[in-house]
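> Sequence plus predicted model, see below.
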Amino acid sequence: MENQSDTSRLLEKFQRIELTEHLIYKKLAAVVQPPENRKVLEQIASDELRHAQDWKKFTGKEIKANLGQVWIYTLISRLFGFTFGIKLMEKGEERAQAGYSKLKGIVPEIEKWIHDEKSHEQALIGMLDEERLRYAGSIVLGLNDALVELTGALAGFTLALQNTKLIALSGLITGIAAAMSMAASEYLSTRSEQTAKQPVRAALYTGIAYILTVILLIFPYLVFPNYFIDLVWALVTALLIIAVFNYYISVAKDEPFRPRFLEMAGLSFGVAAFSFVIGYLIRQILGIEV
């Protein structure tokens with residue numbers, strides 16, 4: 001009886017998953033561009049509804065979709081891009097496939113459904129094309145340079161100047177000048193490569209990513225008077241930026257999270273530690289008091 005009860009719960013769970021994913025794909029299809037992408041999503045939504053109806057034959061119950069998940073995935077796709085939302089859904093598809101294998105021999109149609117789920121993944125992978133991911137390299141350039149250069153600069157300024165306002169002013173001047181320089185370099189680099197990317201857009205993505213990172217790192221120096229606490233806060237902020245961005249890229253582009261995260265974090269914090277020591281030595285050698 002326990003096994004039968006477990007099987008019933010599993011069947012109801014998959015019925016809810018299919019119905020939930022049907023609504024998610026349907027909502028995404030209503031807003032996504034171009035039309036080719038919309039057609040694929042509509043087809044997948046139709047398949048998911050058919051699967052939910054097939055599960056109902058075994059459960060004999062009217063199961064409601066998880067509206068909370070529908071809202072969350074739709075919101076994620078609006079905020080972070082169609083590709084990111086779809087890739088999160090794809091991970092759900094993979095988990096569903098693993099669960100389906102437990103029902104082999106119990107549900108006659110299970111093999112066909114597994115095949116459908118796999119074809120969904122291939123269709124999704126083939127259709128994904130989003131501007132923000134085409135310019136991911138430009139965003140990485142802006143983020144990485146800002147994190148490495150500014151964490152190092154702030155660490156050095158903190159020991160050399162020991163004044164939050166001066167540190168913030170120096171950081172802003174350094175950051176804005178570097179952002180403009182990086183944007184100009186990305187413009188020239190993209191134009192010379194003659195790729196599908198537009199040089200102006202590439203430069204904007206690089207510059208905006210750089211400036212936003214500068215603002216987030218300098219913010220604590222504008223709020224709190226203790227420059228050592230400000231430095232710690234800035235470093236924690238840098239670590240969070242690295243973690244969030246690399247998670248986004250790992251999901252959207254199917255790249256490993258850990259190596260990229262450790263590389264960016266190691267570079268940023270390594271430069272910060274070196275600059276911290278340099279700032280201290282310069283202050284001691286030159287005998288500067290601010």
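All right, it came through fine.

> could you pull out the helices for the stretch 151-290 of the chain?
Along the stretch 151-290 of the chain, counting by DSSP state H, counting those that start in this stretch, helices occupy 164-193, 199-223, 227-252, 257-286.

> Which strands or helices does the second one pack on?
What it means is helix 199-223. Applying 3 or more CB pairs under 8 Å, 6 or more residues apart in numbering; DSSP states H and E, one finds that helix 199-223 makes contact with helix 136-161, helix 164-193, helix 227-252. Where C-beta positions appear, they are placed from N, C-alpha and C, glycine not excepted.

> what would those helices look like in TSV with distance to residue 114, mean neighbour count and mean pLDDT?
Putting these into TSV (distance: least, CB to CB, whole Å; neighbours: other CB atoms under 10 Å; pLDDT from 0 to 100) gives the following:
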stretch	distance to residue 114	mean neighbour count	mean pLDDT
helix 136-161	32	23	80
helix 164-193	42	17	86
helix 227-252	23	18	86
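
> of all those, which lies closest to residue 65?
Shortest separation from residue 65 across these is recorded for helix 227-252, at 23.1 Å, computed as CB to CB.

> same for that closest one, what does it pack against?
helix 82-100, helix 136-161, helix 164-193, helix 199-223, helix 257-286.

> per-residue confidence averaged over the first one?
Read it as helix 82-100. Averaged across helix 82-100, pLDDT comes to 72.

> Same check on the fourth one?
Per-residue pLDDT values over helix 199-223 give a mean of 89.

> Centre of the chain to it, how far?
Chain-centre distance of helix 199-223: 17 Å, with CA atoms, centre = their mean, to the nearest Å.

> in it, what counts as buried?
Of the residues in helix 199-223, 199, 201-207, 209-211, 213-214, 216-218, 220-221 count as buried by neighbour count, 16 or more other CB atoms under 10 Å.

> still on that earlier bit, could you redo the helices and strands packed on helix 199-223 as CSV and give each row distance to residue 108?
Shown next, in CSV, are those (distance: least, CB to CB, whole Å):
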stretch, distance to residue 108
helix 136-161, 44
helix 164-193, 54
helix 227-252, 34
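
> And those: which comes nearest residue 277?
Closest to residue 277 of those is helix 136-161 (CB to CB; 8.1 Å).

> how far off helix 227-252 does that closest one point, in degrees?
In terms of direction (axes from the mean of the first three to the mean of the last three CA atoms, to 10 degrees), helix 136-161 departs from helix 227-252 by 170 degrees.

> Name the nearest residue to residue 267, sequence neighbours excluded.
With sequence-adjacent residues excluded and distances taken as CB to CB, 6 or more residues apart in numbering, residue 267 is closest to residue 148, at 5.3 Å.

> Next one: that neighbour from residue 139, what distance?
As for residue 148, its distance to residue 139 is 15 Å (criterion: CB to CB, to the nearest Å).

> same question, residue 217
16 Å.

> now swap in residue 76 and tell me
Taking CB to CB, one finds residue 76 at 18 Å from residue 139.

> show me where the stretch 1-150 of the chain has helices.
With DSSP H, counting those that start in this stretch as the criterion, the stretch 1-150 of the chain has helices at 2-29, 35-59, 67-80, 82-100, 110-127, 131-134, 136-161.

> Buried deepest among those, which one?
Of all the helices of the stretch 1-150 of the chain, helix 136-161 has the most neighbours on average by mean count of other CB atoms under 10 Å, namely a mean of 23.

> now that one: how far from the chain's centre is it?
On CA atoms, centre = their mean, the centre of helix 136-161 falls 20 Å from the chain's centre.
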